[in-house]
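A.B. asks: please work out how this folds:
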Amino acid sequence: SGEGAMNSVSFNSDLSCVVCAGPGGFGVFSTWPHMRLAWQSSEEGGFNFAEMFDRSNMLLLVGGVVSPDGFSDSSVVLWNHDLRERVWEISLPSLIVGLCCSMGTIVVALEYRVAIYSVSLESPCTVQFERTVETVH
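C.D. replies: Predicted structure coming up:
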């Protein structure tokens, strides 16, 4: 893929921001006015998925095939973009093929199943596994 290519793009919960992930990093853009709010580039690798948690500085990140140190294509990291640090990480047994979040719920798609987690950003931030749904019989 090209240097400017994106692997994923998604709206936040109130549609006020768009989050993009690609081989060169990830970024946050406002939908009105149209402008870049943040971009974090990485020469070490990129990201397959990025999602904004509601309208906050918290992002869910999944590393790419070649990922920056500390990221993987089989784990979800909750990243505090303001502090540029990880809050927690969910490691999964296989490649993540999809990711979405809304109102305290994270859904992670793997090749043959979907894992569902509930999340609270209240201090201390918590994540709790809810269930797995098999997608292939």
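A.B. asks: element containing residue 21?
C.D. replies: Residue 21 belongs to strand 17-22 when assigned by DSSP states H and E.
A.B. asks: ok, now residue 106?
C.D. replies: strand 105-110.
A.B. asks: show me where this structure dips below the pLDDT cut-off.
C.D. replies: The chain contains residues with pLDDT under 70 at 1-4, 137.
A.B. asks: what ranges do the helices span in it?
C.D. replies: Assigned helices in the chain: none (criterion: DSSP state H).
A.B. asks: re earlier: run through who's touching the strand holding residue 21.
C.D. replies: The contact list for strand 17-22 (CB atoms under 8 Å, 6 or more residues apart in numbering) reads 1, 4-12, 26-31, 37, 46-52, 55, 59, 61-62, 64. Backbone N, C-alpha and C define where each C-beta goes, glycine included.
A.B. asks: so what's residue 115 bridging to?
C.D. replies: residue 108, residue 132 (DSSP bridges).
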